[in-house]
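# Next one to model:
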Amino acid sequence: MNNPVVIGVVLAYFVLMFAIGAWANTKMKSAKEFLVAGQSLGFFVMAIASFSSIQSGWGMVGGTGQTYSWGLQALIAVGLFAPFGFAAAWFLLGSRLNWIGKKHSVYSVPDLIRIRFQDRTSHATMSVAVFVAAVAYMTAQVTSIGVIISLLLGTSVATSAWIGSLVVAAYTMAGGMLAAVWTDLVQGVLMVVMSVGLFFFAVQVAGGWVPMLDTISSTSAELLSIDGVKSPTYIFAFGLLIFVGAVGQPQLLTKFLMLRDMTQLKWGAAVAGIAYGVTTLFSVGIGLATRSMTITGDAPELENIDDTAIWFLDSVTHPVVGGVALTGLLAAIMSSASSFITIGASSMMRDLPGAFGIRVVREVLWSRVASLTLVVLSVLLTLFLSQVVFLLGALGWAAFAAAILGPVVMSIYWERATSTAATITVIFAIVGNLVISSLAARDVITVPEYMQVGGISLLVSILLFYGISLMTSNRHPDATLAFLYGGPGARTDGPLAATAPTGTSPAATAPTASTERPDHV
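Here you go, the predicted model:
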């Protein structure tokens, strides 16, 4: 592409990201600001940031390819179920996590495991799992960043991957999660506007909505059928994974720890869900339009369906329009990357040392060092160890959902949940998804077409957590919902008091008894 106007747009976007990072850096006073934005966010910023951190390159680039390949089924599996997943997360977890976060100084998912189970093994296991999965997500984002920037600036993919990754690292290291959420706000708004505009443009290029569907129906009617390309059981499992999995994504859960006022949660659910639904127009418009153009001979048959969005923007749109749209895709990718950089850094330099009773001084400094380490590691894995990248890439949405749904979501509702069940479930979620996906990709095992591996692993993890919890018990007397929510019987001492987060006292991390409860508790 290498158009001067496009290069100017990209540079202006980078400058804006740097400016937000520099502003956020002036607010950095402690780990609280770096990891949970000082728990100061209003609902609109938090809602847009939560949707944009999930609607990444996997959602927009991958979703467009799936629409090109699956047709209507992709819209049902992702565009319909994901917004309802946001609503479920808000109403099931929002007020509870916000309450727990403020009462116990909880800044991360492993932090929550520490408070809920008062157990170092489960705390350490979740810390490692979140770090590994964060690196896995980052490798996928780095690959997409490299491809898009190479198209925009005309540089090599390797050079582009370094440029984009270091830009994200710079503003995230400067301003932590505070910078991440405010850049997510800008990126989220850009994604919404871009999605609406490109939907209408793509449909117009294909001759209009009805002619486009008629063209697809003439040769590929199954693309417009609910039970078309994939079996209903596969679509159900995939939809379940998207719906329930949204509740188990750490980049969303940590946003609940940042909200200033719990009473605004009900509005956030609507804003995030609607915004996510609108951005699916990008995939619907470009995916169906490209399929129609392939049938009419105006587009080549794509060997790799993930190239659908990139091909359309690079080959069909005006260079300036395509450049701006590719910048929007870059924003979608960077919004996820910045969140995972901070989440992974927290796991490396705060959660894992804390699980072993190691007190880290100068947390903000070491969190920045960990952020840069995670980014460099992800780029190196992407560029030089493609086999490892494939293995890490298997740890995505499904792995996070399987690791978090039981140990976090079920445990804050269910008194009987145990630390042993949490540890085993997290190990299964990470190792199980990795092994099954790897063996299936190499044809060592055959997964029936009517089965969706991620959805199945999610169901197994839930049953595993439930069954093991019934067979085991917690050893620590504070591993109760009464302590978690600060109710009668909450203790202010105990063996884990020494592993309280830096800058807090044991009394601060163990809330005093109170008859108050968060909404829905």
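
# Please name every helix or strand in contact with the helix or strand hosting residue 64.
Here residue 64, judged by DSSP states H and E, is contained in helix 57-70. The contact analysis (3 or more CB pairs under 8 Å, 6 or more residues apart in numbering; DSSP states H and E) places helix 57-70 against helix 72-74, helix 120-153, helix 265-296, helix 308-315, helix 319-346. (Glycine included, C-beta is placed from N, CA and C.)

# tell me the average confidence for the helix or strand that the second one is followed by?
On the C-terminal side of helix 120-153, the closest following helix or strand by DSSP H and E is helix 157-205. Throughout helix 157-205, pLDDT has a mean value of 87.

# Just want the angle from helix 157-205 to helix 319-346.
Using axes from the mean of the first three to the mean of the last three CA atoms, to 10 degrees, one finds that helix 157-205 and helix 319-346 are set 130 degrees apart in direction.

# Residue nearest the middle of this structure, spatially speaking?
Residue closest to the average C-alpha location in the chain (CA atoms, centre = their mean): residue 54, at 4.1 Å.

# pLDDT averaged over stretch 476-486 - what is it?
On average, stretch 476-486 scores 91.

# For the helix holding residue 64, what is the distance to the chain centroid?
With CA atoms, centre = their mean, to the nearest Å as the basis, helix 57-70 stands 16 Å off its chain's centre.

# and if you look at stretch 11-19?
Mean C-alpha position of stretch 11-19 versus that of the full chain (CA atoms, centre = their mean) differs by 23 Å.

# Please save the CA atoms from that stretch in PDB.
Taking C-alpha atoms only, stretch 11-19 is exported to PDB below (Å, rounded to 0.1, in the frame of the first residue of the first chain):
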ATOM      1  CA  LEU A  11       1.800   7.700  12.400                       C
ATOM      2  CA  ALA A  12      -1.000   9.900  13.800                       C
ATOM      3  CA  TYR A  13      -2.600   6.900  15.400                       C
ATOM      4  CA  PHE A  14       0.800   5.900  17.000                       C
ATOM      5  CA  VAL A  15       1.300   9.400  18.300                       C
ATOM      6  CA  LEU A  16      -2.100   9.400  19.900                       C
ATOM      7  CA  MET A  17      -1.400   6.100  21.600                       C
ATOM      8  CA  PHE A  18       2.000   7.400  22.900                       C
ATOM      9  CA  ALA A  19       0.200  10.600  24.200                       C
END
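
# quick one, what contacts the closest residue in space to residue 468 that isn't next to it in sequence?
Closest residue to residue 468 in three dimensions, ignoring its sequence neighbours and counting by CB to CB, 6 or more residues apart in numbering: residue 421, at 3.8 Å. Listed by CB atoms under 8 Å, 6 or more residues apart in numbering, the contact partners of residue 421 are 406-407, 464-469, 472.

# just to revisit the earlier point, so for the helix holding residue 64, mean pLDDT?
For helix 57-70, mean pLDDT rounds to 80.

# Relative to residue 402, how far out is residue 459?
9 Å (CB to CB, to the nearest Å).

# neighbour count winner among those two?
Taking neighbours as other CB atoms under 10 Å, residue 459 and residue 402 compare with residue 402 leading, 32 against 16.

# Relative to residue 412, how far out is that one?
According to CB to CB, residue 402 and residue 412 sit 17 Å apart.

# go on, residue 259?
Note on residue 259: its distance to residue 412, by CB to CB, is 16 Å.

# more neighbours, these two?
residue 259 (28 against 21).

# Enumerate every residue touching residue 85.
Residues in contact with residue 85 (CB under 8 Å, 6+ apart) are 242-247.

# out of these, which one sits closest to residue 316?
Using CB to CB, residue 242 comes nearest to residue 316 of the contacts of residue 85, at 28.3 Å.

# Burial check on the closest one, number of neighbours?
Neighbour count of residue 242, defined by other CB under 10 Å: 23.

# okay, and for this structure, where does confidence drop off?
Scanning the chain with the threshold set as pLDDT under 70 gives 1-2, 30-33, 35-40, 56-58, 263-266, 385-396, 441, 450, 487-521.

# do that again at 50, thanks
Across the chain, the ranges flagged by pLDDT under 50 are 387-394, 488-517, 519-521.

# hang on, the earlier thing: quick one, what contacts the residue nearest to the centre of the chain?
By CB under 8 Å, 6+ apart, the contact list for residue 54 reads 82, 246, 249, 251-252, 276, 336.

# Kindly report the same for residue 334.
Shown in contact with residue 334 (CB under 8 Å, 6+ apart): 17, 141, 145, 164, 167-168, 183, 187.

# and which of those residues is nearest to residue 176?
residue 183 (11.3 Å).

# Tell me how far that closest one lies from residue 332.
With distances taken as CB to CB, residue 183 is found 12 Å from residue 332.

# Same check on residue 66?
To residue 332, residue 66 is 16 Å away according to CB to CB.

# What helix or strand is the residue nearest to residue 364 when sequence neighbours are not counted located in?
Nearest non-adjacent residue to residue 364, counting by CB to CB, 6+ apart: residue 34, 5.0 Å away. Using DSSP H and E, residue 34 sits in helix 31-36.

# can you give me the angle the helix or strand just after that helix makes with helix 57-70?
Going down the chain from helix 31-36, the next helix or strand is helix 43-54, by DSSP H and E. Counting by the same axes, to 10 degrees, helix 43-54 lies at 60 degrees to helix 57-70.
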